[in-house]
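# I need the structure of the sequence given here:
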Amino acid sequence: MTVFTLDDLAAIIAERARSGDSSSYTADLLQAGTRRCAKKFGEEAVEAVLAAVSEDEEALTAEAADVLYHLLVMLESRGIGLSSVLAELERRTAQSGKAEKASRGGARDAG
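Sure, this is the predicted structure:
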């Protein structure tokens, strides 16, 4: 059984970005620009937060899928590959979370 991965999703998004297919929601989002992609990502993130605090597992699962999709679309809009994000996560996990956060001045919360 093949497992669907974020790499698979990123590849689909990249393919649709290049397709120019007017029936593709992904292509439409990317054609609208980074600002639109970022807005959709933000909307989906808020919906995921609301689903989490409502303790609705089914809704949270669906919203988490939307968040991941829209994050990858936003990254694609800026030409940032998933591999770059994963490399940054790998770099961060090479030390304790508290030490890593302190090295960035504690301005962002990495989890």
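
# Point to the residue nearest the middle of the chain.
Nearest residue to the geometric centre of the chain (C-alpha atoms, centre = their mean): Leu71, 2.3 Å.

# how close does that one sit to Leu6?
For Leu71, the distance to Leu6 equals 9 Å [C-beta to C-beta, to the nearest Å]. For the C-beta atoms, the positions are set from N, CA and C on the backbone; glycine is no exception.

# cool, and Glu43?
Applying C-beta to C-beta, the value for Glu43 to Leu6 is 20 Å.

# ok, now Thr61?
Distance, Thr61 to Leu6, using C-beta to C-beta: 15 Å.

# When these two are compared, which one has more neighbours?
Between Thr61 and Leu6, counted using other C-beta atoms under 10 Å, the more crowded position is Leu6 (14 against 11).

# Next, the contact list for the more buried one, please.
Contacts of Leu6 were listed using C-beta atoms under 8 Å, 6 or more residues apart in numbering, and they are Leu68, Leu72, Leu82.
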